[in-house]
Every structure is written in C-alpha cells, then in structure tokens.
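**Q** Sequence first, predicted model second:
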Amino acid sequence: MSLPDVHATTVLAVRRDGRVAMGGDGQVTMGDTVVKG
C-alpha cells in the first residue's frame, strides 16, 4: 500500500523598506482529504 501525495501550505513573504510581511493559507491536502488550520 502506498501513501497518498501530500501537498503543504502556501507561504508568501514580502520585504520592503526593511520590513517583512508573511502570510499563509494554512491548508494541507493529502490525497482526496483537505485539512485547513
């Protein structure tokens, strides 16, 4: 039995004028299952 593919969350970071902002969608998919955090 093989494990389903796991696709992790998306993270975006932007740096401007010495400051950093980060955000993520908090979602992970594993096969047909979607988990949101």
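**A** Thanks, I have the structure now. Bear in mind the structure is a predicted one, so any value in this text is a computation, not a measurement.

**Q** What residues does the residue nearest the centre of the chain make contact with?
**A** Residue closest to the average C-alpha location in the chain (C-alpha atoms, centre = their mean): residue 9, at 1.0 Å. Neighbour list for residue 9: 24-28 [criterion: C-beta atoms under 8 Å, 6 or more residues apart in numbering]. (Each C-beta comes from the backbone N, C-alpha and C, glycine too.)

**Q** could you redo the last one with a cut-off of 10 Å?
**A** Counting by C-beta atoms under 10 Å, 6 or more residues apart in numbering, residue 9 makes contact with 24-29, 35-37.

**Q** Quickly list what the closest residue to it other than its chain neighbours is bridged to.
**A** Among residues not flanking residue 9 along the chain, residue 24 sits closest, at 5.1 Å (C-beta to C-beta, 6 or more residues apart in numbering). Beta-bridge partners for residue 24, by DSSP bridges, are residue 11.

**Q** Over to the one 5 residues further on?
**A** Assessed by DSSP bridges, residue 29 has beta-bridge partners residue 7, residue 34.

**Q** show me what contacts it?
**A** Residue 29 makes contacts with 4-9, 35-36, as judged by C-beta under 10 Å, 6+ apart.

**Q** gap between it and residue 14?
**A** 25 Å (C-beta to C-beta, to the nearest Å).

**Q** Repeat that for residue 4.
**A** To residue 14, residue 4 is 32 Å away according to C-beta to C-beta.

**Q** was I right about residue 32 contacting residue 7?
**A** No - look at residue 32 against residue 7 with C-beta atoms under 10 Å: they stay out of range, at 11.8 Å.

**Q** Please say which of the two ends up with more neighbours.
**A** residue 7 (12 against 6; other C-beta atoms under 10 Å).
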